[in-house]
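**Q** give me a 3D structure for the following:
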Amino acid sequence: MVTTFIQQMRSQMGLPKSLLHSAQQQLAHDLTKLAPTSFRRFVEPMVGDMSFYFDLYRQGRIKKRSIFVGEDAALVVTYCQVRKKAEEVVKGLEALVPSKSQYKRLSSVSTRKKPSPADAVRFIFLKNFLTANGDGVADPENVYAVSEALQNSTLLRGEPYYAEKYIRHRDLVFLQPGDVYDVEEFFEQMAVRGAYVLLVGDKDQKEKWHRRWDVKEVGDHRVVRSWND
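**A** Numbers count the residues shown, from 1 in each chain. As a prediction, this is how the structure comes out:
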């Protein structure tokens with residue numbers, strides 16, 4: 001009961017939201033409107049700032065264990081540490097004083113062989129310092145909210161194709177273009193499985209998508225869906 005109350009309060013505060021100061025928040029809101037009303041499981045083969053996932057989570061639309069795969073080891077470690085040791089991450093962030101000297105010091109720290117909360121603190125601070133008017137501090141309440149949202153998830157390091165074995169009929173698969181894999185081929189393969197595949201690309205994306213799939217114009221982006229409402 002207490003946990004449910006806390007979750008409701010955080011949702012009213014717009015939490016959880018991305019740990020990284022992101023310009024994709026409005027896009028995430030638009031994507032949520034384009035997502036299917038219901039789906040089996042959320043899968044993101046190339047995990048990023050998770051804004052879309054958190055939007056769905058706040059709306060209570062995440063029902064089963066979600067799958068996230070990423071090639072960026074530091075990003076995956078950060079999410080894993082926040083999920084397991086949120087309190088230590090919060091304490092580490094609160095101990096930092098945003099400054100150029102702090103940024104320089106943390107930039108020179110070598111990555112540890114064994115992941116620790118300090119790795120998450122360093123990653124969050126360095127990413128946000130460059131994009132938040134010199135402030136690398138994350139909201140403590142949001143760190144806890146993100147940790148809660150990730151409890152029922154699987155976080156894996158690997159190439160996008162590694163997510164294939166987890167994708168089933170009616171899963172919601174969120175794709176973004178990348179140089180490491182053929183996103184159009186991946187899109188079509190997952191669509192054949194009966195998954196709801198949603199791809200966000202630039203407006204200069206190949207016109208052939210108009211002929212084969214449902215395409216929406218959202219701001220500066222072209223959103224391609226493998227299904228029609």
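
**Q** how much space between the residue nearest the centre of the chain and Pro98?
**A** When the chain is reduced to its mean C-alpha position, the nearest residue by C-alpha atoms, centre = their mean turns out to be Met50, at 1.7 Å. Here Met50 is placed at a distance of 23 Å from Pro98 (C-beta to C-beta, to the nearest Å). Any C-beta I mention is one placed from the backbone N, CA and C, and that applies to glycine too.

**Q** what is the burial count for the residue nearest to the residue nearest to the centre of the chain when sequence neighbours are not counted?
**A** On the basis of C-beta to C-beta, 6 or more residues apart in numbering, the spatially nearest residue to Met50 that is not a chain neighbour turns out to be Ser18, at 5.8 Å. Neighbouring residues of Ser18 were enumerated by other C-beta atoms under 10 Å; the total is 20.

**Q** surely the residue nearest to the centre of the chain touches Gln24?
**A** No - Met50 sits out of contact with Gln24 when judged by C-beta atoms under 8 Å, with a separation of 9.7 Å.

**Q** ok so, going back, list the contacts of the residue nearest to the centre of the chain.
**A** Met50 sits next to 18-19, 44, 68, 79, 146 when contact means C-beta atoms under 8 Å, 6 or more residues apart in numbering.

**Q** pretty sure Val200 contacts Val183?
**A** No - with contact defined as C-beta under 8 Å, Val200 does not reach Val183; the gap is 10.1 Å.

**Q** any common contacting residues for these two?
**A** Overlap between the contact sets of Val200 and Val183, as judged by C-beta under 8 Å, 6+ apart, is given by 175-177.

**Q** and the helices in the chain?
**A** Across the chain, reading from the start of the chain, the helices by DSSP state H fall at 2-12, 25-34, 51-58, 73-84, 86-94, 100-107, 117-129, 140-149, 183-192, 208-212.

**Q** distance check, Ile62 against Phe42.
**A** As for Ile62, its distance to Phe42 is 6 Å (criterion: C-beta to C-beta).

**Q** specify which residue of those two has the higher count of neighbours.
**A** Legend: neighbour count by other C-beta under 10 Å for Ile62 and Phe42, higher for Phe42 (24 against 19).

**Q** quick revisit: of the shared contacts of Val200 and Val183, just the buried ones, ChimeraX syntax please.
**A** Buried residues among the shared contacts of Val200 and Val183 (16 or more other C-beta atoms under 10 Å), as a ChimeraX selection:
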select :175,176
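
**Q** and the strand ranked longest in the chain with helix 51-58, angle?
**A** Secondary structure of the chain read by DSSP state E shows that its longest strand is strand 196-202. Strand 196-202 and helix 51-58 are oriented at 140 degrees to each other (axes from the mean of the first three to the mean of the last three C-alpha atoms, to 10 degrees).

**Q** avg pLDDT for strand 196-202?
**A** What strand 196-202 shows for mean pLDDT is 88.

**Q** quick one: strands adjacent to that strand?
**A** When sheet partners are counted by DSSP bridges, strand 196-202 sits next to strand 172-175 (parallel), strand 221-225 (antiparallel).

**Q** can you list contacts of the last one?
**A** This points to strand 221-225. Taking C-beta under 8 Å, 6+ apart as the rule, strand 221-225 contacts 27, 30-31, 34, 187, 196-203, 205, 209, 213-217.
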